[in-house]
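Participant: Model the following, please.
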Amino acid sequence: MSVLQSIVLGIVQGLTEFLPISSTAHLRVVPAFLGWKDPGAAFTAIVQLGTMAAVLLYFRAELLGIVRGWIGGLRRTTPRSAPEYRMGWYLILGTIPVAVFGLIFKDQIETGARDLTLIGTVMIVFGLILLAADRFGAKNRGEATIDATDAAAVGVAQAFALIPGVSRSGATITGGLFRGLNREAAARFSFLLSVPAVVLSGLFELRKAGGANTGVGSLLISTALAFVVGYASIAFLLRYLTSHSLLVFVIYRVALGALVLALVAGGAIS
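Facilitator: Coordinates of the predicted model:
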């Protein structure tokens, strides 16, 4: 992988990880558009550690409070009524589905699931599901109202993001909206829930860091850029959702999905 490819893919990862448009799909589609080789599922998972570092930095105070509250609740009963303690368990509960299905379907995720026709179709279908959640979700609950049922439902939604094109943030925000969370609360919980899932995925794939399609230097460049751009993307999306719907992302998903399907059908990309 050249330096230019590392730069482009790092920026793409940072821009698309937290927006509900699927970073995994973009890391498959953009190289196809440019005539580059597919960087592979391992590259995608490792570079996501850069955007996870952005989440850790952006939500450092909240995450530290959750860790302290959860550990404190394990040691003694008094803090167990604290929201931080409960949120710690919610993040664990919400991570279980994606961990289980990720291990079960590991081979399919790394090979067949990266098919461009599948990605284009999924971009459209789950874009329309996101639209339905944004239109029909009650959106009358804040972050403080999240409970175990919400965590389980959003966790199951996150498991669908193992399919490239679904979008991890898109799936979890969709799940939150269908549960009645407002847009900002759904996005914040989505970001928090991404930490254990994507960190575990990235660490699991580190064993393949020297794979044929890339090298350690390329990974470092892409991961660093993903961190910087990802931090800015988090700040943007949280501000955007306070006063805007998700329609623009739905339109983008459907348009990109249709373009991918048309190019594949015409033999322009494969």
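Participant: starting at the chain centroid, how far to stretch 67-86?
Facilitator: With C-alpha atoms, centre = their mean, to the nearest Å as the basis, stretch 67-86 stands 27 Å off its chain's centre.
Participant: Quick one: end-to-end distance for that stretch.
Facilitator: Taking C-alpha to C-alpha, to the nearest Å as the measure, stretch 67-86 stretches 11 Å from start to finish.
Participant: residues making contact with the lengthiest helix in the chain?
Facilitator: Ranked by residue count, the top helix of the chain under DSSP state H comes out as helix 216-240. Contacts to helix 216-240, defined as C-beta atoms under 8 Å, 6 or more residues apart in numbering, come from residues 1-3, 5-7, 9-11, 13-19, 43, 46-51, 53-55, 57-58, 184, 187-188, 191, 209-210. Using the backbone N, CA and C atoms, a C-beta is placed for each residue, glycine as well.
Participant: got the buried residues for it?
Facilitator: Within helix 216-240, the residues that qualify as buried by neighbour count (16 or more other C-beta atoms under 10 Å) are 218-231, 233-234, 237-238, 240.
Participant: again with stretch 174-190
Facilitator: Neighbour-count burial for stretch 174-190, counted by 16+ other C-beta under 10 Å, picks out 174-179, 181-190.
Participant: After the host helix or strand of Gly69, which helix or strand is next? Please name it.
Facilitator: Taking DSSP states H and E as the definition, Gly69 sits inside helix 60-75. If you walk from helix 60-75 toward the C-terminus, the next helix or strand you reach (DSSP H and E) is helix 83-104.
Participant: sorry, back to before: let's see which of the buried residues of stretch 174-190 end up in helices.
Facilitator: Those of the buried residues of stretch 174-190 mapping onto helices are 174-178, 183-190, per DSSP H.
Participant: So which of these is the closest to Val250?
Facilitator: When these are compared for distance to Val250 (C-beta to C-beta), Thr174 wins out at 10.7 Å.
Participant: Next, find the distance separating that closest one from Ala226.
Facilitator: When C-beta to C-beta, to the nearest Å is applied, the distance between Thr174 and Ala226 equals 23 Å.
Participant: Verify the stated contact: Gly170 with Pro20.
Facilitator: Yes: shown here, Gly170 and Pro20 form a contact pair, counting by C-beta atoms under 8 Å, at 3.2 Å.
Participant: Between the two, which contacts overlap?
Facilitator: Between them, Gly170 and Pro20 share the neighbouring residues 130, 249, 253, with contact defined by C-beta under 8 Å, 6+ apart.
Participant: So which of the residues you listed wins on neighbours?
Facilitator: When neighbours are counted as other C-beta atoms under 10 Å, the busiest of these turns out to be Arg253, with 28 neighbours.
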